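*Asks:* Kindly generate the corresponding structure for this input.
(2 chains)
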Amino acid sequence: METFQSLLAKRLSDALAKAGLPNAGELTPATDRRFGDYQTNAALVLGKQRSENPQTLAERVIAQFDIGDLCEPPTVAGAGFINFTLRADAIAKKAGEVLRDERLGVARTKSTRTIVIDFGSPNVAKPMHVGHIRSTVLGDALARIAQFLGHEVIRDNHIGDWGTQFGMVIYGWKNLLDRQSLQRDPLAEIVRIYRETNERATRDPQVREACRQELVRLQAGDRENIDIWNECVAFSMQDFEHVYTLLDVHYDIQCGESFYNDRLPAVVERLLKSGIGEISEGAVVVFFRDQPELANKPCIVRKRDGGYNYATTDLATVDYRVNDLKADTVWYVVGAPQSLHFKQIFEIARREGYSADFRHITFGSILGEDRKLMKTRSGENVPLRGLLEEACKRARKIIEEKNPDLSEADKTDIAHKIGIGAVKYFDLSQYRMTDYIFSWEKMLSLQGNTAPYLQNAYVRIRSIFRKADESAPKIGKSRRRGDTDSSCGELILDDRAEINLAKRLCQFAEIVPQVLNDFRPNILANYLFELANSFHTFYEACPVLKSEEPARSSRLTLCDLTGRVLQRGLDLLGIKAPDKM
RNA sequence: GCGCCCGUAGCUCAGCCGGAUAGAGCAACGGAUUUCUAAUCCGUAGGUCGGAGGUUCGAAUCCUCCCGGGCGCGCCA
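*Replies:* A predicted model of the protein is given here:
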């Protein structure tokens, strides 16, 4: 199925050829409703290239343009824009095609890639906190969208399960552990002993040294320390899994840092052998002397004491993903502060000859009402699990107010879908680079660009079909997919609100692929908001069940399609649509 | 010091590989409801796009400089 945009673009290029002109400019959605549905600046670009009058060129192009039954005769406007307005019957026809398409018109990509997406990546021995929302939610949405477009996606949780912090955890485990607390709330106890050890270590050099010794023993494979480490990892994983269940986020592999331990020496040897790495002040370092940006920013891959750091691990990870997982594309959904680090890693990988497409997908921070990094009152990170539970609790309270007659089970289920959806949508609906201020009130509002607003549009649709089934059961059946009844899928678009809604539905296929251009799910979120808005307008203006045939069936079909696009769109963002709310 | 990111309505944000008179939502004000869930819709008002130059038919968007905020820069991850 082709979108209006690609159809018009083809006809434009035909018209240009017939007018003896080369392809130029682009055909895009109109910037303003006044200008119709689509516009092209082709004549402006050509006018500039050949120093001719753009308006005259535009007229020449229009004269050759085969509008067929797609649109009204194009018009020239402004400095030389050509504007296109779709015909209602063309929209009805296209919407019918979308309706009969499993994929709602979204084309599969022509160049399938194998993409490893590195996102989430929490640290062991620390609970997940609010800072993990963006990476987790953004990475998951990108994974869903890439997969839907037909790419081979491998979701990888690069867990921070190795590193110097374990010296302290093990020291704390051996000296400060309270077994009962550990049984009650394992992660809380591990965090406690870690913090306490950390405090002691900053005061007491002897403790610091003891921690270092524990770390050395762990890295040397000491049985006892390995056992302790394993236990800590297991406890942390339980906590992560709980959060992932709440969020409905799942990974294909979870290769944490420790997974790469035995590959690290080879990385350094390789770098030394190829001359990319060199010894400097006892450490193995990669310099970037020819790159102004990195000239004074060397990358250490083996410390003076022989230990490895996270640059080494990330290089081993590159090798594993490219050579073992056969990835040709790797997306790192990691906060902006690490951009220097990834520049270095990507540059080293390039020098070593890895040709995969590496992207660091950065994002801004989540701020509290005080516009500073979001923290608890005592200045600590806000635990994610508690935050998500509170989202559900708050959603539940609103449900109790608005719809108290729902069953207990329904309330719990809906509160979960709304609460989690609200948190995710609030994040995804904003441009990923901007810092945003966390606000319960805004994300759970039923008005404006929020998850509940979109979910409500879906609920209204489901409600119509519940009513329709009661009054006329056969309509429920006839809207099944694959039904050959010709009355189904025939759209009659008379009202302005119907035309607008149908037009929006046709745009879904144009929007989804755009998200991956610059990794912006907010484009999709924005579209869904506009779709829900168009639906609500339609809902107010056009009675469905009370209207006469054939409008009634047509409107039911429109509702059905809107529901499916909303549901699919939300699903691509990792958000669920409840039937009632 | 060097580098990266951000600065758009009172508030929260879109728009940024150049396009027409810069858009939403919230808050404010004015309307619509014997409802297919008003959990909504329609309307009004609100702007030197941080500032100054430059590039051109055209700049919020591209380039340079400046101001303001955030972050990062050799042995943590």
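*Asks:* In contact with A:I499, which residues?
*Replies:* A:88, A:91, A:493 (C-beta atoms under 8 Å, 6 or more residues apart in numbering). Using the backbone N, CA and C atoms, a C-beta is placed for each residue, glycine as well.
*Asks:* for RNA strand B, what are the nearby residues on the stretch 351-500 of chain A?
*Replies:* Counting by C-beta under 7 Å from any atom of the strand, the stretch 351-500 of chain A comes close to RNA strand B at A:364-365, A:367, A:371, A:373, A:398-399, A:402-403, A:429-431, A:433-437, A:439, A:442, A:445-449, A:452-453, A:456, A:459-460, A:462-464, A:467.
*Asks:* Next step: those residues restricted to strands.
*Replies:* A:367, A:436-437 (DSSP state E).
*Asks:* which of those count as buried?
*Replies:* Buried members of these, counted by 16 or more other C-beta atoms under 10 Å: A:367, A:436.
*Asks:* which element is the closest residue in space to A:T28 that isn't next to it in sequence on?
*Replies:* Leaving out its chain neighbours, the residue that sits closest to A:T28 by C-beta to C-beta, 6 or more residues apart in numbering is A:Q39, at 6.3 Å. Here A:Q39 sits within strand A:38-40, counting by DSSP states H and E.
*Asks:* just the buried members of the residues of the stretch 351-500 of chain A next to RNA strand B?
*Replies:* Using 16+ other C-beta under 10 Å, the buried members of these are A:365, A:367, A:398-399, A:429-430, A:436, A:445, A:449, A:452-453, A:456, A:459-460, A:462, A:464.
*Asks:* after the lowest-mean-pLDDT helix or strand in chain A comes which helix or strand?
*Replies:* When each helix and strand of chain A is scored by mean pLDDT, DSSP states H and E, helix A:473-478 comes last, with a mean of 42. Going down the chain from helix A:473-478, the next helix or strand is helix A:496-511, by DSSP H and E.
*Asks:* Identify each buried residue in that following helix, please.
*Replies:* Buried, per 16+ other C-beta under 10 Å, within helix A:496-511: A:497-511.
*Asks:* Would you mind listing what in the stretch 151-300 of chain A touches RNA strand B?
*Replies:* A:160, A:162-165, A:257, A:280-283, A:285, A:293, A:296-298, A:300.
*Asks:* repeat that for 6 Å
*Replies:* Residues of the stretch 151-300 of chain A lying close to RNA strand B (C-beta under 6 Å from any atom of the strand) are A:160, A:163-164, A:257, A:280-283, A:285, A:293, A:297-298, A:300.
*Asks:* Pick out the residue of the stretch 451-581 of chain A closest to RNA strand B.
*Replies:* Residue nearest to RNA strand B within the stretch 451-581 of chain A (C-beta to the nearest atom of the strand): A:S463, separated by 3.0 Å.
*Asks:* quick one: the strands in the stretch 101-250 of chain A?
*Replies:* A:114-118, A:152-156 (DSSP state E, counting those that start in this stretch).
*Asks:* centroid residue for chain A?
*Replies:* A:A141 (2.9 Å; C-alpha atoms, centre = their mean).
*Asks:* How much space separates the closest residue to that one other than its chain neighbours from A:P127?
*Replies:* Nearest in space to A:A141, with sequence neighbours left out and distances taken as C-beta to C-beta, 6+ apart, is A:P521 at 4.6 Å. The gap separating A:P521 from A:P127 is 26 Å, by C-beta to C-beta, to the nearest Å.
*Asks:* What is the burial count for the residue lying closest to A:T202 once chain neighbours are set aside?
*Replies:* Leaving aside its chain neighbours, A:T202 sits nearest to A:R208 (7.8 Å; criterion: C-beta to C-beta, 6+ apart). Residues near A:R208, counting by other C-beta atoms under 10 Å, number 18.
*Asks:* same question, the one 3 residues further on
*Replies:* Counted with other C-beta under 10 Å, the burial measure for A:C211 works out to 23 neighbours.
*Asks:* Could you pull up the residues touching the closest residue to it other than its chain neighbours?
*Replies:* Excluding its sequence neighbours, the residue lying closest to A:C211 (C-beta to C-beta, 6+ apart) is A:G167, at 3.9 Å. A:G167 makes contacts with A:211-215, A:218, as judged by C-beta under 8 Å, 6+ apart.
*Asks:* Can you add pLDDT and give those residues back as JSON lines?
*Replies:* What follows is these, written out as JSON lines (pLDDT from 0 to 100):
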{"residue": "A:C211", "pLDDT": "93"}
{"residue": "A:R212", "pLDDT": "90"}
{"residue": "A:Q213", "pLDDT": "92"}
{"residue": "A:E214", "pLDDT": "93"}
{"residue": "A:L215", "pLDDT": "90"}
{"residue": "A:L218", "pLDDT": "92"}
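*Asks:* filter those residues to the buried ones?
*Replies:* The buried subset of the contacts of A:G167 - by 16+ other C-beta under 10 Å - is A:211-212, A:214-215, A:218.
*Asks:* Output the below-cut-off pLDDT ranges for the stretch 351-500 of chain A.
*Replies:* A:471-489 (pLDDT under 70).
*Asks:* what's the nearest residue to the closest residue to RNA strand B within it if we skip its chain neighbours?
*Replies:* The minimum distance from the stretch 351-500 of chain A to RNA strand B, using C-beta to the nearest atom of the strand, falls at A:G448 (2.0 Å). Among residues not flanking A:G448 along the chain, A:K442 sits closest, at 7.6 Å (C-beta to C-beta, 6+ apart).
*Asks:* what sits against the one you found?
*Replies:* A:K442 touches A:426, A:448, A:450, counting by C-beta under 8 Å, 6+ apart.
*Asks:* And it, how far from A:A143?
*Replies:* A:K442 is 26 Å from A:A143, by C-beta to C-beta.
*Asks:* Give the bridge partners for the closest residue to A:A146 other than its chain neighbours, please.
*Replies:* Spatial nearest neighbour of A:A146, excluding adjacent residues (C-beta to C-beta, 6+ apart): A:V153 at 5.2 Å. Per DSSP bridges, the residues bridged to A:V153 are A:I115.
*Asks:* same thing with A:L27?
*Replies:* Residues in beta-bridge contact with A:L27 (DSSP bridges): A:T40.
*Asks:* if I read this right, it contacts A:Q39, doesn't it?
*Replies:* Yes: applying C-beta atoms under 8 Å, one finds A:L27 in contact with A:Q39, separated by 7.4 Å.
*Asks:* give me every residue that touches A:N526.
*Replies:* A:N526 neighbours (C-beta under 8 Å, 6+ apart): A:429, A:449.
*Asks:* continuing past whichever strand or helix holds it, what's the next helix or strand?
*Replies:* If you go by DSSP H and E, A:N526 is part of helix A:521-541. The first helix or strand that comes after helix A:521-541 along the chain, using DSSP H and E, is helix A:551-572.
*Asks:* For that next one, C-alpha coordinates in PDB please.
*Replies:* Extracted in PDB, the C-alpha atoms of helix A:551-572 (Å, rounded to 0.1, in the frame of the first residue of the first chain):
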ATOM      1  CA  ALA A 551     -23.900   6.700   7.500                       C
ATOM      2  CA  ARG A 552     -24.200   4.400  10.600                       C
ATOM      3  CA  SER A 553     -22.100   1.600   9.100                       C
ATOM      4  CA  SER A 554     -19.600   4.000   7.600                       C
ATOM      5  CA  ARG A 555     -19.100   5.700  11.000                       C
ATOM      6  CA  LEU A 556     -18.800   2.400  12.800                       C
ATOM      7  CA  THR A 557     -16.100   1.500  10.300                       C
ATOM      8  CA  LEU A 558     -14.300   4.700  11.000                       C
ATOM      9  CA  CYS A 559     -14.500   4.100  14.700                       C
ATOM     10  CA  ASP A 560     -13.100   0.600  14.200                       C
ATOM     11  CA  LEU A 561     -10.200   1.800  12.200                       C
ATOM     12  CA  THR A 562      -9.500   4.700  14.600                       C
ATOM     13  CA  GLY A 563      -9.500   2.200  17.500                       C
ATOM     14  CA  ARG A 564      -7.000  -0.100  15.700                       C
ATOM     15  CA  VAL A 565      -4.600   2.700  14.800                       C
ATOM     16  CA  LEU A 566      -4.700   4.100  18.300                       C
ATOM     17  CA  GLN A 567      -4.100   0.700  19.800                       C
ATOM     18  CA  ARG A 568      -1.300  -0.100  17.400                       C
ATOM     19  CA  GLY A 569       0.200   3.300  17.900                       C
ATOM     20  CA  LEU A 570       0.100   3.100  21.600                       C
ATOM     21  CA  ASP A 571       1.500  -0.400  21.400                       C
ATOM     22  CA  LEU A 572       4.500   0.800  19.500                       C
END
